[in-house]
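Colleague: Fold the following, please.
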Amino acid sequence: MEVVVRGRNLRVPTALRTLATEKVQKIERFTHDASRVEVDFEEVKSHRSAGYVCDITAHLKRHFVKASANASDPAAALDLALDKAQHQVARIKEKRVSRSHPRRRNHDHAAGEAAAGEDGGELEEGDASSASDDGAPIVKTKRFTMKPMGLEEAALQMDLLGHAFFLFTNAENGHAAVLYRRRDGALGLIETTG
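Modeller: Got it, this is the predicted structure:
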């Protein structure tokens with residue numbers, strides 16, 4: 001598993017880089033298909049207080065998990081973000097196990113509904129300073145790699161990220177699609193053609 005430790009507007013000390021690499025290796029206890037884990041540290045200064053934000057993005061075989069936490073110390077932020085990431089990876093593993101063991105499906109489904117969702121996001125974020133046609137500025141741009149997946153897997157990924165919508169490539173036809181949660185709680189699908 002490749003571990004990448006970076007700092008945004010912050011130089012990451014060697015001791016913190018080593019600590020992050022060692023702690024992130026523990027994700028392998030929950031899954032064997034993690035190919036890459038990115039750990040980003042950022043120092044946040046505001047008029048109220050100063051602190052550190054740690055973002056962890058784990059690239060799994062068919063999913064990616066993103067967790068973020070902030071604390072007054074970068075090591076504490078790392079621990080909080082790592083707990084969130086491990087929880088999400090464990091949830092993915094539980095869902096995989098429940099699919100392969102149909103007798104346990106009802107019990108695991110009820111337990112999964114009781115579990116709280118974690119916040120997540122896309123792989124790469126950036127700031128943009130351009131404006132759209134109606135004059136509204138575009139303040140954030142996100143880019144991510146779309147992997148072909150089925151509707152059930154896209155719904156699972158959307159739930160894991162805690163988003164109201166999810167953009168993906170439909171494995172059945174190869175077209176781009178958006179899965180979204182309707183106001184009534186049901187799911188909707190928008191698909192491109194041709």
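
Colleague: most centrally placed residue in the protein?
Modeller: Averaging the C-alpha coordinates of the chain gives a centre point, and the residue nearest to it by C-alpha atoms, centre = their mean is Lys66 (2.7 Å).

Colleague: I'd guessed that one sits against Gly162; true?
Modeller: No - Lys66 sits out of contact with Gly162 when judged by C-beta atoms under 8 Å, with a separation of 10.0 Å. Every residue, glycine included, has its C-beta placed from N, CA and C.

Colleague: Helices of the protein, residue ranges please.
Modeller: Counting by DSSP state H, residue ranges of the helices within the chain are 14-24, 74-100, 105-114, 151-161.

Colleague: Could you chop the protein up by domain?
Modeller: Taking automatic domain parsing as the domain assignment, the ranges for the chain are 2-114, 124-191.

Colleague: winner for burial among those domains?
Modeller: Of the domains of the chain, the one with the most neighbours on average (mean count of other C-beta atoms under 10 Å) is domain 2-114, at a mean of 16.

Colleague: Give me the residue ranges of the chain where confidence is low.
Modeller: Applying pLDDT under 70 to the chain flags the ranges 30-32, 47-50, 96-135.

Colleague: about what we covered before: and the gap between the residue nearest to the centre of the chain and Ala76?
Modeller: When distance is defined by C-beta to C-beta, to the nearest Å, Lys66 is 19 Å away from Ala76.

Colleague: now swap in Lys93 and tell me
Modeller: Going from Lys93 to Ala76 by C-beta to C-beta gives 26 Å.
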